[in-house]
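Q: could you look at this predicted model? Sequence included:
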Amino acid sequence: QVQLVESGGGLVQAGGSLRLSCAASGRTLSVYAMGWFRQAAGNEREFVSAINWNGASTSYADSVKGRFTISRDNAKNTVYLQMHSLKPEDTAVYYCAARYGGYIPTIATTKTYDYWGQGTQVTVSS
């Protein structure tokens with residue numbers, strides 16, 4: 001089992017940047033594919049980005065392509081989400097998730113991930 005803790009959220013103006021981190025404990029992160037999801041108030045949790053076990057493969061939601069970058073450092077047991085050109089519609093609680101087996105699931109839904117963090121709030125002001 002793996003425990004995930006997100007950090008790096010906060011309040012930022014539109015056009016600004018933030019870097020989220022997801023630190024894992026309990027098991028080496030290298031056996032998991034990792035994903036970032038977000039949930040805005042009143043909305044369902046939605047996929048943002050994913051990365052396979054060694055970082056060679058990544059996936060992004062259309063809404064964040066070209067603005068967000070996912071990366072991982074297995075030696076530090078940490079996954080990152082670098083966010084640039086933030087928009088008010090990016091405001092949400094951001095969650096990291098782990099999927100055992102290391103490969104990005106074909107269908108990017110919450111059901112395809114095994115472990116979740118508690119989330120970190122990102123607020124983008126206009």
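A: Now that the structure is in, tell me what you want to look at.
Q: tell me the SS of residue 41?
A: The assignment at residue 41 comes out as coil when based on DSSP: H, G, I helix; E, B strand; the rest coil.
Q: how near is it to residue 16?
A: Separation of residue 41 from residue 16 (Cβ to Cβ, to the nearest Å) stands at 20 Å. C-beta here means a position set from N, CA and C on the backbone, and glycine is covered the same way.
Q: same deal with residue 69?
A: Counting by Cβ to Cβ - residue 69 and residue 16 are separated by 15 Å.
Q: residue 102 too?
A: 33 Å.
Q: ditto for residue 81
A: Between residue 81 and residue 16 the computed distance is 14 Å (Cβ to Cβ).
Q: quick one, which of those two is more surrounded?
A: The neighbour count for residue 81 versus residue 16, taken as other Cβ atoms under 10 Å, is higher for residue 81 (27 against 14).
Q: the more buried one sits in which helix or strand?
A: Element membership for residue 81 (DSSP states H and E) is strand 78-83.
Q: quick one, strands of the protein?
A: For the chain, the strands defined by DSSP state E cover 3-7, 10-13, 18-25, 32-39, 46-51, 58-60, 68-73, 78-83, 92-100, 115-116, 120-125.
Q: and the contacts of the third one?
A: Just to be clear, that refers to strand 18-25. 2-10, 12, 32, 34, 36, 76-83, 86, 94, 96, 98, 117, 120, 122 (Cβ atoms under 8 Å, 6 or more residues apart in numbering).
Q: same thing with the last one?
A: Outside strand 120-125, the residues within contact range by Cβ under 8 Å, 6+ apart are 6-14, 16, 18, 20, 38, 83, 86-94.
Q: give me that answer again for 10 Å
A: Residues outside strand 120-125 that contact it (Cβ atoms under 10 Å, 6 or more residues apart in numbering): 5-16, 18, 20-22, 38, 40, 81, 83, 86-96.
Q: what about residue 98, distance to residue 111?
A: Distance, residue 98 to residue 111, using Cβ to Cβ: 14 Å.
Q: okay, those two: which has more neighbours?
A: For residue 98 versus residue 111, neighbours defined as other Cβ under 10 Å are more numerous around residue 98 (25 against 7).
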